[in-house]
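Chemist: sequence below, structure please.
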Amino acid sequence: AGAGIGGFFTPTGYGTLLAEGKETRVIDGKGYVLETPIHADFALIKALKADTLGNLVYRKTARNFGPIMATAAKAAIVQVDEVVQPGAIDPENVITPGIFVDTVVELGGQK
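Modeler: Below you'll find the predicted structure:
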């Protein structure tokens, strides 16, 4: 949903129980199922660092789904180890822009 795609047709699941109740089409003789995007009311995200504007930097695999869900959710709540001032994060290292972040909670190294 974060990419703005309304859905796509995929051959995966065509003719199985997974396709039950979903729109299907045959295109060029091959069956497809319409898959719609994942939306969320809230995304709970873990990031390494944020600035006070909500720009995020991730560590390792936290980068896999955090940025995607921040864009797909109505509200993104982010847990970080450290909050820094704007400009303290190199713009080249920002993975999720602050425009997608609603709340930042600083743990300060707590687990």
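
Chemist: only C-alpha atoms from now on, for both contacts and neighbour counts.
Modeler: Will do.

Chemist: low-confidence ranges, the chain, go.
Modeler: Filtered on pLDDT under 70, the chain yields the residue ranges 109-111.

Chemist: pop the domain breakdown of it in here.
Modeler: What automatic domain parsing lists as the domains of the chain is 1-37, 40-106.

Chemist: from these, which stretch is densest packed?
Modeler: Comparing the domains of the chain by mean neighbour count (mean count of other Cα atoms under 10 Å), domain 40-106 comes out on top with a mean of 18.

Chemist: where along the protein do the helices fall?
Modeler: Listed in chain order, the helices of the chain (DSSP state H) span 66-72.

Chemist: now do the strands in it.
Modeler: 8-10, 24-27, 30-35, 40-46, 49-51, 56-57, 73-80, 82-84, 103-106 (DSSP state E).

Chemist: give me the phi and psi for the residue lying farthest from the centre of the chain.
Modeler: Centroid-distance maximum for the chain: residue 29 at 34.1 Å, with Cα atoms, centre = their mean. Torsion angles at residue 29 (phi, psi; degrees, to the nearest 10) stand at phi 80, psi 0.

Chemist: quick check: it vs residue 11, distance?
Modeler: 11 Å (Cα to Cα, to the nearest Å).

Chemist: on that earlier part again, let me have the strands of the chain in CSV, extended by distance to residue 18.
Modeler: Compiled in CSV, the strands of the chain are given as follows (distance: least, Cα to Cα, whole Å):
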stretch, distance to residue 18
strand 8-10, 12
strand 24-27, 11
strand 30-35, 9
strand 40-46, 21
strand 49-51, 39
strand 56-57, 36
strand 73-80, 24
strand 82-84, 42
strand 103-106, 36
